[in-house]
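sequence plus predicted model, see below.
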Amino acid sequence: MNPTLPTPPTSLSWFAFQVKSGIRYALYFMAVGFVMGAIYGVFGGLIFEPALFATSLIGVFCIVNFLVAIPAVTLNLVLAVFKKSSRPIYRYFGLSLGFAIVYLLFFYGLHLAKINVF
């Protein structure tokens, strides 16, 4: 272990990798949520509506998580001036940004298709 490594991310490619990982994980979450909602809907005779509802509910929580990540990374950037920042916060923000991108596009697609889930 080298204690002289800087704590902020050393490159934009590292941050881009975190965002891409967040996008991949969000697509997994979306697929699992859709399948779970569809399985729930099978018992009630509807498949599509509960699947969209489950996916949308997960999306709402992911967007709220991103809204929490914004002040966390802002505070971490301020602390970076004093060399007290934390690298996992940047990773958290990158993953949250990937989730937010996927779910905002999902909600925008629902809006364009004029599908009212709630």
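Yes, it's here. Numbering: from 1, shown residues only.

make it CA atoms for all contacts and neighbour counts henceforth
Will do.

hmm, Asn76 is touching Tyr92, no?
No. Judged on CA atoms under 8 Å, Asn76 makes no contact with Tyr92 at a distance of 11.4 Å.

check contacts around the residue nearest to the spatial centre of the chain.
Centroid check for the chain by CA atoms, centre = their mean gives Phe99 as the closest residue, at 2.0 Å. With contact set as CA atoms under 8 Å, 6 or more residues apart in numbering, Phe99 has these partners: 22-23, 25-26, 62-63, 66.

and Trp14, what's its pLDDT?
As predicted, Trp14 sits at a pLDDT of 87.

over to Ser11?
pLDDT, Ser11: 78.

swap in Lys114?
On pLDDT, Lys114 comes in at 91.

just give me the neighbour total for it.
Lys114 has 9 neighbours, counted by other CA atoms under 10 Å.

what about it, distance to Val42?
24 Å (CA to CA, to the nearest Å).

got it, and Thr74?
Taken as CA to CA, the span from Thr74 to Val42 is 44 Å.

Ala113 too?
Ala113 sits 23 Å away from Val42, going by CA to CA.

more neighbours, those two?
Val42 (13 against 9).

SS state for the more buried one?
helix (DSSP: H, G, I helix; E, B strand; the rest coil).

adjust the sequence numbering to begin at 30 for everything that follows.
Sure, I'll start numbering at 30, so the last one becomes Val71.

so for it, what's the pLDDT?
93.

cool, Gly62 as well?
pLDDT, read off for Gly62, is 95.

show me the contacts for it.
80, 83-84, 87.

my read: Thr84 touches Phe63, true?
Yes. Checked against CA under 8 Å, the pair Thr84 and Phe63 is within contact range at 5.4 Å.

separation between Ile99 and Leu126?
In terms of CA to CA, Ile99 sits 9 Å off from Leu126.

could you show me where the strands are in this structure, in order?
Counting by DSSP state E, one finds no strands in the chain.

where does it dip in pLDDT?
30-39 (pLDDT under 70).

what's the closest of the contacts of Gly62 to Phe135?
Here the nearest of the contacts of Gly62 to Phe135, counting by CA to CA, is Thr84; it sits at 9.1 Å.
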